[in-house]
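Q: My questions concern the predicted model and sequence given below.
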Amino acid sequence: MPKILCSKTYTTPRRLFEKERLDHELKLIGEYGLKNKREVWRVKYTLAKIRKAARELLTLEEKDSKRLFEGNALLRRLVRIGVLEESKMKLDYVLGLRVEDFLERRLQTQVFKLGLAKSIHHSRVLIRQRHIRVRKQVVNIPSYIVRLDSQKHIDFSLKSPYGGGRPGRVKRKNMKKTKGGGSAGEEDDDQ
C-alpha cells in the first residue's frame with residue numbers, strides 16, 4: 001500500500017484565548033466571508049512560510065547566487081499572484097506583507113469586487129454551485145488564488161443560468177406552468 005504524503009496546511013495559535021487575536025480573526029472572517037478560523041490560520045501559515053524564506057535569504061550576502069536565484073523566484077511568484085506590486089520587487093517588502101493581501105486575491109473576494117455577486121457570502125455560494133469560471137475552467141473552490149493575468153477572465157460559467165445557459169429548476173417549472181395554464185386560457189377566449 002503506498003504511503004500517503006501529507007504536509008501541514010495550517011497551525012493553531014499558541015495562545016488560544018488571546019482577545020486581540022480572536023477579535024482580529026473574527027473581523028477577517030466577517031469581512032472576507034470565510035467559513036471558519038482554519039481558513040484564516042491557513043493563510044497565516046502560508047504567509048509565515050513565505051516570510052521565513054525571505055528572512056533566510058536576507059541573511060545571505062547580496063551577490064550570493066542562492067539569494068539572487070531563489071529571491072527572484074519568490075518575488076516573481078508573489079507579483080504574479082498580485083500580492084506584491086512590481087515597483088516593490090525587493091525582499092524587504094516581502095516582510096511587510098499582511099494576511100489581508102492574500103485574502104484579497106481569493107476568488108471569493110474577486111467575484112464580489114467585480115460585482116458578479118450581491119455580497120461576499122453570495123459570491124461563495126455562486127462559486128460552490130459552479131456558476132463561476134476563470135478563463136474556460138469552472139472553478140468551485142472559494143479559496144482559489146487568482147493570478148493577475150486571470151483576473152480579467154473571471155465570469156459566469158457558460159452552462160450556468162446566469163451565463164446564458166439552461167434556466168434553473170424553479171424557472172423551468174414556472175415556465176411550464178405558465179405555458180400550460182396560459183395556452184388553455186387563450187383557447188377558451190377564442191371559442
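A: Structure received.
Q: Quick check: bridge partners of the residue nearest in space to the middle of the chain?
A: Closest residue to the average C-alpha location of the chain: R106 at 2.2 Å, with CA atoms, centre = their mean. Note on R106: beta-bridge partners I145, judged by DSSP bridges.
Q: Report pLDDT for it.
A: If you check R106, the pLDDT there is 97.
Q: ok, now D190?
A: 43.
Q: which intervals of the protein have sub-threshold pLDDT?
A: By pLDDT under 70, the weakly predicted segments of the chain are 181-191.
Q: Hmm, the residue nearest to the centre of the chain is touching E31, no?
A: No - in this structure R106 lies outside contact range of E31 using CB atoms under 8 Å: 11.7 Å. Using the backbone N, CA and C atoms, a C-beta is placed for each residue, glycine as well.
Q: quick one: the helices in this structure?
A: Assignment of helices within the chain using DSSP state H yields the ranges 19-32, 37-59, 65-80, 91-94, 99-104, 107-113, 120-128, 169-190.
Q: Serialize these to TSV and add fields for distance to I141 and mean neighbour count.
A: Shown next, in TSV, are the helices of the chain (distance: least, CB to CB, whole Å; neighbours: other CB atoms under 10 Å):
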stretch	distance to I141	mean neighbour count
helix 19-32	15	13
helix 37-59	12	16
helix 65-80	19	15
helix 91-94	25	16
helix 99-104	15	17
helix 107-113	7	22
helix 120-128	7	19
helix 169-190	24	9
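Q: export the ones you listed to a markdown table and tack on distance to H153?
A: Below are the helices of the chain laid out as a markdown table (distance: least, CB to CB, whole Å):
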| stretch | distance to H153 |
| --- | --- |
| helix 19-32 | 22 |
| helix 37-59 | 24 |
| helix 65-80 | 15 |
| helix 91-94 | 27 |
| helix 99-104 | 18 |
| helix 107-113 | 11 |
| helix 120-128 | 15 |
| helix 169-190 | 27 |
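Q: T9 is nearest to which of these?
A: When the helices of the chain are compared by CB to CB, helix 37-59 sits nearest T9, at 5.4 Å.
Q: Could you find the closest non-adjacent residue to A53?
A: Spatial nearest neighbour of A53, chain neighbours left out: L74 (6.1 Å); criterion: CB to CB, 6 or more residues apart in numbering.
Q: wait, what's in contact with the one you found?
A: I50, A53, A54, L57, L91, V94 (CB atoms under 8 Å, 6 or more residues apart in numbering).
Q: so what's P167 up against?
A: P161, M175.
Q: what's the spacing between it and R51?
A: Distance, P167 to R51, by CB to CB, to the nearest Å: 48 Å.
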